[in-house]
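*Asks:* sequence first, predicted model second:
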Amino acid sequence: GGPHMNTIAAKAVAFGEALQPEFAEYARNVVTNAAQLADELRKRGFILVTGGTSNHLILADVHRSFGIDGKAAEQAIDKIGLTLNANAVPDDPLPMFRPSGIRLGTPALTTRGCTPSDMPQIAEWMKQAIDARDDDTALAKLRSEVREFCLRLKDMS
């Protein structure tokens, strides 16, 4: 195939953004938010694969933490309006289609204006969603709380 002009244009825009002074601050904020969210998840019983994070990603072993697979955690957390994905962990004892872990990142949170002070609430919602994964009424209440929170953030649409 030939050059994909849409990809070239997207890269040009991304490189242009990365050259801006604000980008360095944004990148620092992404990592700071990830570190804070990792700490808050750990306080709530999530076992983090690396013990924390030094970048924008967090990998938690929910099978070891709470006895559920990553897909069940992903589905419960998705029901309240937060997005992450199931992910294998090192030496995962579970099958790949229902792995032990969940993976999440903080770029989208940071882009929408979240700060480290928001991370305790986000971690709490995640834990509550896992705990209430079979309780549709509780999940609906949590979804309403998340929605109200999101309405206060920057609209990225």
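*Replies:* Received the coordinates, thanks.

*Asks:* show me what the lengthiest helix in the chain is packed up against.
*Replies:* Assignment by DSSP state H gives helix 21-43 as the longest helix of the chain. Judged by 3 or more Cβ pairs under 8 Å, 6 or more residues apart in numbering; DSSP states H and E, the packing partners of helix 21-43 are strand 47-48, strand 57-61, helix 107-111, helix 119-131. Where C-beta positions appear, they are placed from N, C-alpha and C, glycine not excepted.

*Asks:* so it versus helix 119-131, what angle?
*Replies:* On the basis of axes from the mean of the first three to the mean of the last three Cα atoms, to 10 degrees, helix 21-43 is oriented at 50 degrees to helix 119-131.

*Asks:* off-centre distance for helix 21-43?
*Replies:* Between the centre of helix 21-43 and the centre of its chain there are 12 Å (Cα atoms, centre = their mean, to the nearest Å).

*Asks:* tell me the buried residues in that helix?
*Replies:* 29-30, 33-42 (16 or more other Cβ atoms under 10 Å).

*Asks:* right, so of the helices and strands packed on helix 21-43, which gets closest to Gly2?
*Replies:* Taking Cβ to Cβ, helix 107-111 is the member of the helices and strands packed on helix 21-43 nearest to Gly2, at 30.9 Å.

*Asks:* and the closest one, how far out from the chain's middle?
*Replies:* The answer for helix 107-111 is 9 Å, by Cα atoms, centre = their mean.

*Asks:* do the same with stretch 16-27
*Replies:* That offset, for stretch 16-27, works out to 22 Å (Cα atoms, centre = their mean).

*Asks:* quick revisit: need the contact partners of the longest helix of the chain.
*Replies:* Here helix 21-43 makes contact (Cβ atoms under 8 Å, 6 or more residues apart in numbering) with 17, 48, 52-58, 60, 104-107, 109-111, 114-116, 118-120, 122-124, 126-127.

*Asks:* can you rerun that using 6 Å?
*Replies:* Applying Cβ atoms under 6 Å, 6 or more residues apart in numbering, the contact partners of helix 21-43 are 17, 48, 52-53, 56, 58, 106-107, 109-110, 116, 119-120, 123.
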